[in-house]
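Engineer: okay, here's the prediction I keep looking at, along with the sequence it came from:
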Amino acid sequence: MRNRYLDLLRAIAIVRVVVYHSTGWVALTIAFPAMSVMFALAGSLMAASLDRSGPLAVERRLRRLLPSLWAISAIAVPAMLLTGLAWDWKILYWAFPVQDPPANGWGSMALSATWYLRDFLWFVLLSPLALPVFRRFPKLSLATPYTALAVITLLGLSPHPIVRDMALYGGAWLLGFAHHDGMLRRLARRRLAGFAVLLATAGAGWVLTHPGPRGYDLNDIPLGNALWSAAFILVALGLAPAVTATRASRLVTVLNARALTIYLWHVPIIVAVTRIGETHGLPVRGATGIGWRLVVIVALVALAVALFGWIEDFAAGRRPVLLPGGRPRRPAVAPVSPAVGQLAETVRT
């Protein structure tokens, strides 16, 4: 059974990501910390999968994650090789991105969003070990990534990007575990609200006193991002209604069934539309530039969903469809002849 509320959160998150990358509006990172929310939702789903299937859940998650990456890699990697990318064994990371796969100049920008798949992959691989530890030591487990991030930040360390992101988003993933196990729901609302206020205050205080190159954009302020996001997740998941539904609105259904396709393709589309606009002297900033680009970007993302979205159905073992969420077809009922109808009435009486 699908949880309509969690589907709604994921749909809002993917829309927010596209709008933010299209507009650069800093306020969106504060109003809805989408990446942390997505990791928290994924953590909750991963815990549920591990409970159902054990270690096989890892294989199933990878099977759903990787084919969409392979599809975009089949186009992007040859294009980068033709435009100057050196052939190297590290190109294999485009098949299994446990490290950042190599890219040339334009590819580095257009395919920059693949960091999410790299981090997601590591969280999935570590979850069979992390979940039992979390259940044995929940408070210590939750404190570990936030403490590690604080140490990294306060000491000015520069760890490997994967280590940094494990500290930045690991807390969100573990809060997803806590949501699945019902820990957040069992917290008294007053206590949950107190934790949320404390984390939000600490996060806001750090953000206001440590602005980044783009001001108060949370993406440039990791510690403030993690703390503010933790408060948001506590409220969003801790107060989540315990309702499930087999159907949701068509738009929410489509956004959930095509979230990975939208995520992978929207940045290349944004880069291409912006460069073409600049080349032809069109405005790309301000209300006019943002307006026309957003319309074109949404149209092209919809086209990408139509062309490549079916891969997500295939990866999930569903029948590929152009647009998910349609009403299932009812089997045709053969007309009943009067003689048969009379016989049935006789049998009933």
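Structural biologist: Received the coordinates, thanks.

Engineer: can you pull the contacts of the residue nearest the centre of the chain?
Structural biologist: In the chain, the C-alpha closest to the average C-alpha coordinate belongs to Met38, at a distance of 4.2 Å (C-alpha atoms, centre = their mean). Met38 sits next to Arg10, Ala13, Ile14, Tyr116 when contact means C-beta atoms under 8 Å, 6 or more residues apart in numbering. Bear in mind the C-beta positions are built from the backbone N, C-alpha and C, glycine included.

Engineer: which one of those residues is nearest Leu28?
Structural biologist: The closest of these to Leu28 turns out to be Ala13 (C-beta to C-beta; 10.9 Å).

Engineer: next, count neighbours for the nearest residue to the closest one once chain neighbours are set aside.
Structural biologist: Leaving aside its sequence neighbours, Ala13 sits nearest to Ala34 (C-beta to C-beta, 6 or more residues apart in numbering; 4.1 Å). Applying other C-beta atoms under 10 Å, we find 23 other residues in the vicinity of Ala34.

Engineer: so for the helix ranked longest in the chain, what gets flagged as buried?
Structural biologist: Using DSSP state H, we find that the single longest helix of the chain is helix 56-82. For helix 56-82, the neighbour count (16 or more other C-beta atoms under 10 Å) marks 57-58, 60-62, 64-69, 71-73, 76-77, 80 as buried.

Engineer: which residues of the stretch 101-250 of the chain fall in helices?
Structural biologist: Along the stretch 101-250 of the chain, counting by DSSP state H, counting those that start in this stretch, helices occupy 105-110, 115-136, 138-154, 161-180, 183-186, 189-209, 222-238, 250-257.

Engineer: one step back: show me what the longest helix of the chain is packed up against.
Structural biologist: If you count contacts as 3 or more C-beta pairs under 8 Å, 6 or more residues apart in numbering; DSSP states H and E, helix 56-82 packs onto helix 34-53, helix 105-110, helix 115-136, helix 259-279, helix 286-308, helix 310-315.

Engineer: and Leu300, what does it touch?
Structural biologist: Applying C-beta under 8 Å, 6+ apart, one finds that Leu300 lies in contact with Ile269, Val273.

Engineer: measure it to Pro268 for me?
Structural biologist: Per C-beta to C-beta, to the nearest Å, Leu300 is found 9 Å from Pro268.

Engineer: quick one on the thing from earlier: could I get the contacts of Met38 as JSON lines with secondary structure?
Structural biologist: As requested, those are exported to JSON lines (DSSP: H, G, I helix; E, B strand; the rest coil):
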{"residue": "Arg10", "secondary structure": "helix"}
{"residue": "Ala13", "secondary structure": "helix"}
{"residue": "Ile14", "secondary structure": "helix"}
{"residue": "Tyr116", "secondary structure": "helix"}
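
Engineer: redo those as CSV? Include neighbour count and pLDDT.
Structural biologist: Written out in CSV, the entries for the contacts of Met38 read as follows (neighbours: other C-beta atoms under 10 Å; pLDDT from 0 to 100):
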residue, neighbour count, pLDDT
Arg10, 21, 96
Ala13, 22, 97
Ile14, 21, 97
Tyr116, 19, 96
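
Engineer: nearest to Arg285, of these?
Structural biologist: The shortest distance between Arg285 and any of the contacts of Met38, using C-beta to C-beta, involves Ile14 and amounts to 24.3 Å.

Engineer: the closest one and Val254 touch, don't they?
Structural biologist: No - if you go by C-beta atoms under 8 Å, Ile14 and Val254 don't touch, sitting 10.5 Å apart.

Engineer: thinking again about what came up before, test my guess that the residue nearest to Ala13 contacts Val19.
Structural biologist: No - between Ala34 and Val19 there is no contact under C-beta under 8 Å: 9.6 Å.

Engineer: what touches both of these two?
Structural biologist: Common neighbours of Ala34 and Val19, counting by C-beta under 8 Å, 6+ apart, are Leu28.

Engineer: what is the burial count for the nearest residue to Ile14 once chain neighbours are set aside?
Structural biologist: The shortest distance from Ile14 to any non-neighbouring residue, by C-beta to C-beta, 6+ apart, is to Ala259 (4.9 Å). Per other C-beta under 10 Å, the neighbour tally for Ala259 reads 20.

Engineer: Ala259 and Ser108, how far apart?
Structural biologist: As defined by C-beta to C-beta, Ala259 lies at a distance of 23 Å from Ser108.

Engineer: what does Leu41 give?
Structural biologist: The value you get for Leu41 to Ser108, if C-beta to C-beta is used, is 28 Å.

Engineer: what about Gly317, how many neighbours?
Structural biologist: When neighbours are counted by other C-beta under 10 Å, Gly317 registers 9.

Engineer: likewise for Ala113?
Structural biologist: Applying other C-beta under 10 Å, we find 16 other residues in the vicinity of Ala113.

Engineer: state the number of residues packed around the nearest residue to it once chain neighbours are set aside.
Structural biologist: In space, and not counting its chain neighbours, Ala113 is closest to Val267: 4.6 Å by C-beta to C-beta, 6+ apart. The number of residues packed around Val267, counting by other C-beta under 10 Å, is 19.

Engineer: can you put the helices of the stretch 101-250 of the chain in TSV and add distance to Trp89?
Structural biologist: Below are the helices of the stretch 101-250 of the chain laid out as TSV (distance: least, C-beta to C-beta, whole Å):
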stretch	distance to Trp89
helix 105-110	17
helix 115-136	17
helix 138-154	30
helix 161-180	19
helix 183-186	43
helix 189-209	41
helix 222-238	31
helix 250-257	35
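
Engineer: looking at those, which is closest to Val273?
Structural biologist: Nearest to Val273 among the helices of the stretch 101-250 of the chain is helix 105-110; the distance by C-beta to C-beta comes to 11.2 Å.
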